[in-house]
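Undergrad: Sequence first, predicted model second:
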Amino acid sequence: MATTARIGLAGLGTMGSALALNIAEKGFPVAVWNRNTAHITEVIEEAGPLRDALVPSETLEELVAAIAPPRAIIIMVKAGAPVFETIEKLVPLLDEGDTLIDAGNADFNDTRATEKRLREKGIHFIGMGVSGGEDGARHGPSIMVGGDASAYEPIRDIIEAIAATYEGDPCAARLGPDGAGHFVKTVHNGIEYADMELIAEAYGLMRKGQGKSPAEIAEVFGRWNGGRLQSYLCEITEKVLSATDPETGKPAVDVIVDEAGQKGTGRWTLIEALKLGQSASTIEAAVAARSWSAMSGLRGEGSKVFGEADGPAPTLPEDDLGRALLAARILAYGQGFLLLKAASDEFGWDIDLARVAEIWRAGCIIRSSLLDDIAAAIRDGLPEGALHLAPAFREPLVNGAPALRQVVTQSVAAGLPATGFASALSYFDSMRQARGTADLIQGLRDFFGRHGFERVGAEGVHHGPWWD
Ligand code: NDP
């Protein structure tokens, strides 16, 4: 077999086949392999004129042989064990200086371990987060790369060519070594969870609390999308809410079972946040809400025993709800960026946080006009690394906080859950208390466990008078 390909791609599922076509379309010959070989033929047949740039490989040996050395192979198979299995099968076929790229979602701890293990064998390993779903992978995703600069440089032209662009700037960057790319992708997804939860709660307030129809709420999201809430998620919320189910003629959203899972990335964000001494409470709220949603049997029982929401209907006007959504979104993104900063400090990644915001401006699921403001605010220098303290966000937070408070109080009064909004508000209120209530917590700990505490204006460890 001739070594005609610039790069290889193992795994032609939803994302892999879209990425392969994207690479081929940008003029890079790509060798492709899939476990189920019938699928290789299907992808080649459906590739139309792009098929000439695809090199079908029925075995991993053929795949490796088809790529010009030093080889780079993107692995885009089901996350977890299938990735490890594919790596194990490929490694004996590779030479020193070759590069494997895991482009799926991965626990960054695994990425770090694999990078270290393969480095000892002279093989580079890149952990590459890809966001944008199938359409993004096909036409331009946001790409978050972690790994050695020396491994990324030879493939940078391909990665930048297939990425989305924002005003000509490719939404792809090497963000740091080993697990940095997969960590940033994980937090991206965590923010995505929070953003979707806030959108769903705003929908719930209008639908259940104010009796608006999905079509009416779709129009609200359409109007919001024309302003400071402009984002892909608001745009598709309008589309989903305005769709009609062809079978029943009902709003499409009403024929969807209201249960959402929480797969790896949301949970990983929380686990890593806690390990780093952080609390991404808005993301936690979103994960919690999804977990509760999955308990539909219990919810059904609960509605019979306690009845559904029966408090006074929220009176909040659309503009105030929009202001609250923007404020909560800023706070949620802020928690995500603090988490990125904490991880970057802990692992010595030196992540350029402004660059993260920049490569999220197009291609990825959380793309929004807010990210351009966030990138500019970080470039201007964030006080304490905290987005909510940036001068650019003072106005939307000062104006949005009273509306956010109204969303929470009116939801509580109505009996509607507002887990995400309430978490964002409590975070905001906590972060503007110069003196909070942890003094009492430390006093209690000293009382029952003689743990000691720091005393205001004094050095050393102190105990309370209860020990005299
Ligand atoms: P699909 O389910 O569409 O495809 C899975 C692929 O994995 C198939 O090619 C399948 O091969 C292959 N595979 C499964 N098990 C094995 C195995 N043991 N050995 C070799 N190959 C195996 O998945 P996606 O394309 O959606 O996802 C791929 C990765 O991308 C995942 O990490 C996912 O989290 C991530 N991702 C997905 C997004 C999306 O929107 N779908 C967005 C961003 C990231 P076969 O055909 O033989 O079964």
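TA: Perfect, I can see it now.
Undergrad: Would you mind listing what in the chain touches the ligand?
TA: Contact residues, the chain versus the ligand (C-beta under 6 Å from any ligand atom): 11-16, 34-36, 39, 76-79, 82, 85-86, 104-105, 130-131, 133-134. Every residue, glycine included, has its C-beta placed from N, CA and C.
Undergrad: ok, now which ones touch the residue in the chain that the ligand sits nearest to?
TA: Ranked by C-beta to the nearest ligand atom, the top residue of the chain for proximity to the ligand is Gly13, at 1.9 Å. For Gly13, the contact set (C-beta atoms under 8 Å, 6 or more residues apart in numbering) comprises 34, 76-78.
Undergrad: can you redo the residues you listed as a markdown table with neighbour count and pLDDT?
TA: What follows is the contacts of Gly13, written out as a markdown table (neighbours: other C-beta atoms under 10 Å; pLDDT from 0 to 100):
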| residue | neighbour count | pLDDT |
| --- | --- | --- |
| Asn34 | 25 | 98 |
| Met76 | 26 | 98 |
| Val77 | 23 | 98 |
| Lys78 | 14 | 96 |
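Undergrad: In strands, which of those residues fall?
TA: Among those, no member is found in strands (DSSP state E).
Undergrad: and Glu46, how many residues sit next to it?
TA: For Glu46, the neighbour count with other C-beta atoms under 10 Å is 11.
Undergrad: how close does it get to Phe453?
TA: Here the criterion is C-beta to C-beta, to the nearest Å. By it, Glu46 lies 67 Å from Phe453.
Undergrad: now swap in Leu229 and tell me
TA: Distance, Leu229 to Phe453, using C-beta to C-beta: 44 Å.
Undergrad: Comparing the two, which residue is more hemmed in?
TA: Comparing Leu229 with Phe453 by other C-beta under 10 Å, the one with more neighbours is Leu229, at 22 against 16.
Undergrad: Can you pull the phi and psi angles for the more buried one?
TA: phi -90, psi 10 (degrees, to the nearest 10).
Undergrad: Which of the helices or strands spans Met128?
TA: Assigning secondary structure by DSSP states H and E places Met128 in strand 124-131.
Undergrad: Remind me what that strand packs against, helices and strands.
TA: Judged by 3 or more C-beta pairs under 8 Å, 6 or more residues apart in numbering; DSSP states H and E, strand 124-131 is in contact with strand 99-102, helix 108-120, strand 142-146, helix 149-152, helix 180-204.
Undergrad: rerun that using 6 Å as the cut-off
TA: Strand 124-131 sits against strand 99-102, helix 108-120, strand 142-146, helix 180-204, with contacts defined as 3 or more C-beta pairs under 6 Å, 6 or more residues apart in numbering; DSSP states H and E.
Undergrad: could you give the angle of the last one to strand 124-131?
TA: Helix 180-204 runs at 10 degrees relative to strand 124-131, counting by axes from the mean of the first three to the mean of the last three C-alpha atoms, to 10 degrees.
Undergrad: Quick one: residues in contact with the following helix or strand past helix 180-204.
TA: Remark: after helix 180-204, the chain's next helix or strand is helix 214-225, criterion DSSP H and E. Residues from elsewhere that reach helix 214-225, judged by C-beta atoms under 6 Å, 6 or more residues apart in numbering: 203, 206, 234-235, 237-238, 241-242, 251, 253, 318, 322.
Undergrad: Just flag the most distant two among those.
TA: Pairwise distances across those (C-beta to C-beta) peak at 21.6 Å, for the pair Pro251 and Gly322.
Undergrad: Mean confidence (pLDDT) on stretch 237-246, please.
TA: Mean pLDDT, stretch 237-246: 98.
Undergrad: Any stretches of this structure with poor pLDDT?
TA: Filtered on pLDDT under 70, the chain yields the residue ranges 1-3.
Undergrad: out of all of them, which helix in it is the longest?
TA: In the chain, assigned by DSSP state H, the helix with the most residues is helix 318-347.
Undergrad: Which strands and helices lie in contact with whichever helix or strand comes after it?
TA: Counting by DSSP H and E, the next helix or strand C-terminal to helix 318-347 is helix 353-359. Secondary-structure packing of helix 353-359 (3+ C-beta pairs under 6 Å, 6+ apart): helix 369-380.
Undergrad: immediately after the helix it packs on, which helix or strand?
TA: With elements assigned by DSSP H and E, the helix or strand that comes after helix 369-380 is helix 391-414.
Undergrad: got the angle between that next one and helix 318-347?
TA: 120 degrees.
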